[in-house]
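Q: have a look at this prediction, sequence included:
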Amino acid sequence: MPPVSIVTSQAEGVIGHDVAMRFLFVGDSMTVGSAGDFTWRFRMWQHLEATLPGRYTIVGPRTALYDTEAQAPLSHAYGAPSFPAGARRHLAGWGEGWLHMAPVIADAVSGARADVLLVSLGLIDLGFYTDSAQTARNARAFVAAARTANPHIRIVFLPVIPNIRAESDAPFAAECERFNELLAKDVADLDGPASPLLLASRPASYDIHTDTYDGTHPGPSGEHRLAAAFADAMHQAWGLGGPYAAHG
C-alpha cells in the first residue's frame, strides 16, 4: 500500500491504543451497499476487531442496506450474518453525496458522539449533481459542519474512484480528476492539530473490472481494498490499529 497522500504531524497525530474511538462511516452507494453485499464496512469492522478489540465503537443513525427492488434502504440481508447489528451503523445512502451529507453531518456527529469519520463521497455528486468546484465547496462545508459538532473530529477521506462511466465520458473523467486535486488541496489547507484530516491513497491496483460487480460498486476484493485504504492511512499517520490484513 503506498503512503497516504496527506498526513498530520506524527507528534500531534498519534493516538494511544488505550483511547476508545467512535467511528462513523459516511458515504454513498459504495458504502451503504445493497441487499446481499458484505460491504467494506464489514471488512473494516473485522479489521478493528483484530487491531483495536474493545477499544472502538461503530456509530451512526442508520443500519440498513439498499433494497434495489423496493428502491429504498429497507434491507438487512448482509452477506455476512456474523456482522453484529451494532457494528452495522453508518451514515450512508444510495444516491447521496456531499450535497446531501453536508447539511446533516453536524447532527449525526453530535447524536452519535463520533470521534472519527471515514468518508467516501463525490462520485454521485460529480455524476449527477454538481461540478468539481461546487463539490469541493460542499466538502469544505461538510468539514466545517462536522467541527461545529465536535471541534476535535478526525476525518479520513477517500479520493473519488472513477467508475465505468469515466471510460467513455471524458468530461466526467476530467471532473473526477479535478475534484480529487481540489480535495487534496482542501485537506492540506484545513488540516490542523485540533482536528486532523487525512486523504487516503487510492487503493493499490483497484480495478473496476475485477474489484466491482457492475463497474461501480465493490465486490469482495474491492471491499477489502477500500477498507485497507482507510485502515492503512490511519495506521501510518496516527498509529491507530495496525496494517490491514484481509479476514475471510
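A: Thanks, I have the structure now.
Q: please count neighbours and contacts with C-alpha atoms only from this point.
A: Fine.
Q: can you list the strands that the longest strand anywhere in the chain pairs with?
A: Taking DSSP state E as the criterion, the chain has its longest strand at strand 21-27. Paired neighbours of strand 21-27 in the sheet (DSSP bridges): strand 56-59 (parallel), strand 91-92 (parallel), strand 116-120 (parallel).
Q: show residues contacting the helix or strand following it.
A: Per DSSP states H and E, strand 21-27 leads on to helix 29-32 as the next helix or strand towards the C-terminus. The set of residues that contact helix 29-32 without belonging to it, under C-alpha atoms under 8 Å, 6 or more residues apart in numbering, is 25, 39-41, 64-66, 90-96, 120, 216-218.
Q: so the most far-flung residue of the chain relative to its centre versus Gly127, what's the distance?
A: For the chain, the residue at maximal distance from the C-alpha centroid (C-alpha atoms, centre = their mean) is Ser168, at 25.9 Å. Applying C-alpha to C-alpha, to the nearest Å, the value for Ser168 to Gly127 is 13 Å.
Q: mean confidence score for stretch 66-80?
A: Taken as a whole, stretch 66-80 has an average pLDDT of 97.
Q: please read the previous query as pertaining to stretch 179-191.
A: Per-residue pLDDT values over stretch 179-191 give a mean of 98.
Q: now do it: distance to the chain's middle.
A: On the basis of C-alpha atoms, centre = their mean, to the nearest Å, the separation between the geometric centre of stretch 179-191 and that of its chain is 16 Å.
Q: export that stretch as CSV, just CAs?
A: Extracted C-alpha coordinates of stretch 179-191, given in CSV (Å, rounded to 0.1, in the frame of the first residue of the first chain):
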residue,chain,number,x,y,z
PHE,A,179,-12.2,17.1,-7.8
ASN,A,180,-9.5,14.8,-6.4
GLU,A,181,-7.0,17.6,-6.9
LEU,A,182,-9.3,20.1,-5.1
LEU,A,183,-9.9,17.6,-2.3
ALA,A,184,-6.2,17.1,-1.7
LYS,A,185,-5.7,20.9,-1.5
ASP,A,186,-8.6,21.3,0.9
VAL,A,187,-7.3,18.6,3.2
ALA,A,188,-3.9,20.2,3.3
ASP,A,189,-5.4,23.7,3.9
LEU,A,190,-7.9,22.6,6.5
ASP,A,191,-5.8,20.1,8.4
